[in-house]
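Peer 1: Pasting the sequence and the predicted coordinates here, then a few questions.
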Amino acid sequence: MQRKSPTESEDLVDRTLLRTAGAAVGGALVMLAVVALIFFVRQPASTLSTTAPSAADASSAPVTVNLPREPRKFEDVVVSTEWLAQNLDNPKVRVIEVSVVPGVYERGHIPGAVNFVWTTDFVDTVSRDIIAPDRFQELARAAGINNDTTIVLYGDNDNWFAAWGAWVFRQYGAEDVRLLDGSRSKWEAENRELSTRAPTYPPGNFTVRQRSDLRVFLPDVLKVVRGEEQKVLVDIRSPDEFSGKIFAPEGFQELAVRAGHIPGAVNVPWKKALNDDGTFKSVEELRKLYAEAGVDGSKPVITYCRIGERASHTWFVLSEILGYQAALYDGSWTEYGNSVGVPIANPAGTIWGVK
Amino acid sequence: MSNALPGSSPADRAAPSKPVLTPALILRNGGAALIFVTLLIGAHVLQTTPGYGASAALSLLIGAALGVAFERGRFCFFCIFRDVIEHRNAGPLYAILTALAVSGIGYAIVFGAFLPNPFSGRLAPDAHIGPVSLALVAAGLLFGVGMALSGACISGHLYRLGEGSGYAPLALIGALIGFGLGFRTWNWLYVTVIADAPVIWLPHWLGYGGALLLHLAVLSVLGFALLRYVSPLPPRPARQLDIKYLYEALFRDRWNPLVTGAIVGVIGVVAYLRVEPLGVTAQLGSLARTVMHTSGMLPARLNGLDSFAGCATQVVQTITDNGWLIGGLALGAFGAALIAGRFQPALPRANGSVAALVGGVLMGWGAMTALGCTVGTLLSGIAAFALSGWVFGAAVFAGVWGGIVLRLHRWT
């Protein structure tokens, strides 16, 4: 066999290289064309709306007034980690995680748990409101929830937003809504099983039946302030926010122009309902805690906080665990403290942040 | 600088190959062993400390692995870019291409579990997908110039810290100052260009499969196009795969770029799966933000900053997971450098010190404005199929090119 001269061989290598590179470029172009084709054929289904729902959407669900239901046993509204571990395969039970920190659910959740993101799945993304009923129904069905499903919620930060989720579920007519005692951190501390797999379920048939007794608005609160209605207001923020010493804890962006609290409100910070390990206190302890502040269930209760989320935790304790008639004022201090012409109480004497 | 693949030329090799037990050798290997044992004990302690836990421990180990890979494989973005620009040698660049290809595959797999429906309008949780704006381009360009001036990018300086570089501490201090400047200019940039900038995530349009195919296609085209700039490998004698060979391949010779890239890619996927996307500036930025907050130099409000995913900064009083990661990175690189005999502490020269400091400032500003550096925005961004990663990468490359043309890299 004749040997090629070095230059010829280099030439050959160069040409082969060029041909390969050419083929690669050609291949890439073909693939780009395919990808472009897919892009144009398939309309990306964007489910995050950027416009507020119209009034017609919001009123599409039937509104029912339900009387407060019979108080349920503690075990029927708060489940232990052990109970949940035994019921993970129970088709009647659907577990939902609502965590504030992004990536917490994704990096490991209770096996079979569905992820609900509070910023998109429980609130409207444009107007300041809870999620529209039809969209919520869609999400609940996609999670395989029926009207008789036992819904167990849990999350980070001591179930803070899980309780908000529980309130939205109850508000839209779910009957059996429970929280995981001790939240996510107890499940983790007990080294229980976690999964990174996102579950899929056959669609459920959950139908929204909107309740009107679990949520109140500013006019309802003003009726209480003016003495037209006999209800108790529970402010669940820190004592310093309650007194008006500070406008909000450090780092929070949503503020009110005025500091202080709604006249007549009593102050029971939400975390007082929890033991040091994040589990709920016993029913007797809870009853005593709120009775000492003048909340004994004899009068209907309204809970509020700064933006409405933490107060849902106290709402859960009063309404679901203790069986009191309780509603959440989700407008809370960021609405009340910004409203013109409403009376406020400000023991600290803070006006415009100046003494 | 040799014109061949690293690891293939004698110039890249350090330490005599004869395993004669000299006191220096014992000291080096003993020191390295001590470092790695310390890292393991540190991880164990972190894991059992309340408030830190598994994610902090894992971050420390991920950082250490990254430090070893960076040091052994010379995964230094500046050196790699300079080899292409100055020496027309694209060999080392294959480390970056491989890292991107491997981590892209891994990210696609992880994304499928994290966010099953990419068309929902939501972004994958905390993946480094940023806004594509003129500010990003400017940040990339200045970051590149800063790399040329100071002789390495931020991750490069972190691993050089482990090699005893005298410029690395200066450049990192400069980066802290740069971060401070970045916070000062953020509000203006945010309102002017960033707020309305599109956040483009390819899976939104193509799905994970389509995005990965496009990702690999672009990398393949780059890979094929650059083949002509790869110098031929020198002949290697056939060798017995024994302990001595393994020792030399692991601890003495430079790792092959393809191997280094694959390892970095895998580490990136592990980090995203278990803790957060790889990044090396979040703790630095948080430190700058905390210092400025305490001294009242921080703007009262940083508009929209905390709403973007990236090397997120916050006012903190503790060491974050990212802090453990960069600590592990420097220590891991230190250990690897000790074994390889590449720990050569050197005092900086006066001119070079100024250049390193100024380069650091430019990089700090760029990393703050781009929400990450060559690791956080380029590597973790491109791996996450974010257009911002590609734009930042191209701008950094252009910046390095400009810096080299202006001969800025001669200062350090």
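Peer 2: Looks like it arrived, so ask away. What you are looking at is a predicted structure, and each value in this text was computed from that prediction instead of being measured. Residues are numbered from 1 along each chain as shown, chains lettered A, B, ... in the order given.
Peer 1: what are the ranges of the strands in chain A?
Peer 2: A:63-64, A:78-79, A:93-97, A:114-115, A:150-154, A:177-180, A:210-211, A:232-235, A:266-267, A:301-304, A:326-328 (DSSP state E).
Peer 1: average pLDDT for the first one?
Peer 2: To tie it back to what came earlier, the one meant is strand A:63-64. Across strand A:63-64, pLDDT averages out at 62.
Peer 1: and residue B:301, which of the three is it?
Peer 2: coil (DSSP: H, G, I helix; E, B strand; the rest coil).
Peer 1: That one contacts residue B:186, correct?
Peer 2: No: Residue B:301 is not in contact with residue B:186 according to CB atoms under 8 Å; the separation is 10.1 Å. Bear in mind the C-beta positions are built from the backbone N, C-alpha and C, glycine included.
Peer 1: thinking again about what came up before, would you reformat the strands of chain A as TSV and include mean neighbour count and distance to chain B?
Peer 2: Shown next, in TSV, are these (neighbours: other CB atoms under 10 Å in any protein chain shown; distance: least, CB to the nearest CB, whole Å):
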stretch	mean neighbour count	distance to chain B
strand A:63-64	10	29
strand A:78-79	23	25
strand A:93-97	23	12
strand A:114-115	22	9
strand A:150-154	24	18
strand A:177-180	24	20
strand A:210-211	18	25
strand A:232-235	25	26
strand A:266-267	16	28
strand A:301-304	28	25
strand A:326-328	27	26
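Peer 1: ok, which residues in chain B are in contact with chain A?
Peer 2: Counting by CB under 8 Å from any CB of the partner chain, chain B comes close to chain A at B:113-116, B:119-122, B:125-126, B:204-207, B:210, B:213-214, B:217-218, B:220-221, B:224-225, B:227-228, B:273-276, B:301, B:309, B:315.
Peer 1: circling back to that earlier point, looking at residue B:301 and residue B:186, which one has more neighbours?
Peer 2: residue B:186 (19 against 9; other CB atoms under 10 Å in any protein chain shown).
Peer 1: Let's verify the more buried one: helix, strand, or coil?
Peer 2: From three-state DSSP, the assignment for residue B:186 is helix.
Peer 1: Name the nearest residue to it, ignoring sequence neighbours.
Peer 2: Using CB to CB, 6 or more residues apart in numbering or on different chains and skipping the chain neighbours, the partner closest in space to residue B:186 is residue B:302 (5.5 Å).
Peer 1: tell me, how many neighbours does that neighbour end up with?
Peer 2: Other residues close to residue B:302 by other CB under 10 Å number 14.
Peer 1: again, but for the one 3 residues further on
Peer 2: Neighbour count for residue B:305, taken as other CB under 10 Å: 20.
Peer 1: what's near enough to touch it?
Peer 2: By CB atoms under 8 Å, 6 or more residues apart in numbering or on different chains, residue B:305 lies in contact with B:186, B:190, B:313.
Peer 1: Okay, and the last one sits in which element?
Peer 2: Looking back up the chat, that one is residue B:313. Using DSSP states H and E, residue B:313 sits in no helix or strand.
Peer 1: What's the separation between it and chain A?
Peer 2: For residue B:313, the distance to chain A equals 13 Å [CB to the nearest CB, to the nearest Å].
Peer 1: Quickly find the element holding the closest residue to that residue other than its chain neighbours.
Peer 2: Closest residue to residue B:313 apart from its sequence neighbours, by CB to CB, 6+ apart: residue B:285 at 3.6 Å. If you go by DSSP H and E, residue B:285 is part of helix B:282-295.
Peer 1: Need the contact partners of that helix.
Peer 2: Helix B:282-295 is touched from outside by B:154, B:172, B:175-177, B:179-180, B:182-183, B:298, B:311-317, B:319-320, B:322-323, B:325-326, B:364, B:367-368, B:376, with contacts defined as CB under 8 Å, 6+ apart.
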